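# just coords:
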């Protein structure tokens, strides 16, 4: 599973993927931190998905790119992440747009009001974010076990 931890104590868990961005999927502004690199971004959102999510929304994001990594399999603890439609500008970059997480996490510092975090495509069950908040997204401590 994948988890989003907001600096105010809220947490969201998802089986397939977590989305961070505007509920309308329009431009979201945030600073993204991964592997000691920080980049200010403007995009239509950030997806972080599990191996079970690699058959849906994350697969769609992965297919339109060069494949320097494989998507995680259904039982993998690794996560894949994608920035959707990153837009370059004099103040925003496009170098951090995809990767994998294996115990590490992405950190997003919110730079616009009205952003949300939701999981598994269920937009109504979301966490609202405000300018200046920090969200950490990575592998959940809780795992789903099939019986």
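Alright, I've got the coordinates. These numbers come from a predicted model, not from an experiment.

# got the phi/psi numbers for residue 13?
Torsion angles at residue 13 (phi, psi; degrees, to the nearest 10) stand at phi -110, psi 150.

# check contacts around it.
Contacts for residue 13 (CB atoms under 8 Å, 6 or more residues apart in numbering) come out as 1, 2, 3, 119, 140, 142. C-beta: built from backbone N, CA, C; applies to glycine.

# Quick check on the third one: phi, psi?
To tie it back to what came earlier, the one meant is residue 3. Per degrees, to the nearest 10, the backbone of residue 3 is at phi -130, psi 140.

# does it have beta-bridge partners, and which?
residue 13, residue 138 (DSSP bridges).

# Go ahead and confirm it touches residue 127.
No - the pair residue 3 and residue 127 does not pass the contact test of CB atoms under 8 Å, sitting 11.4 Å apart.

# picking up where we left off before, which of the contacts of residue 13 count as buried?
Among the contacts of residue 13, those buried by neighbour count (16 or more other CB atoms under 10 Å) are 1, 2, 3, 119, 140.
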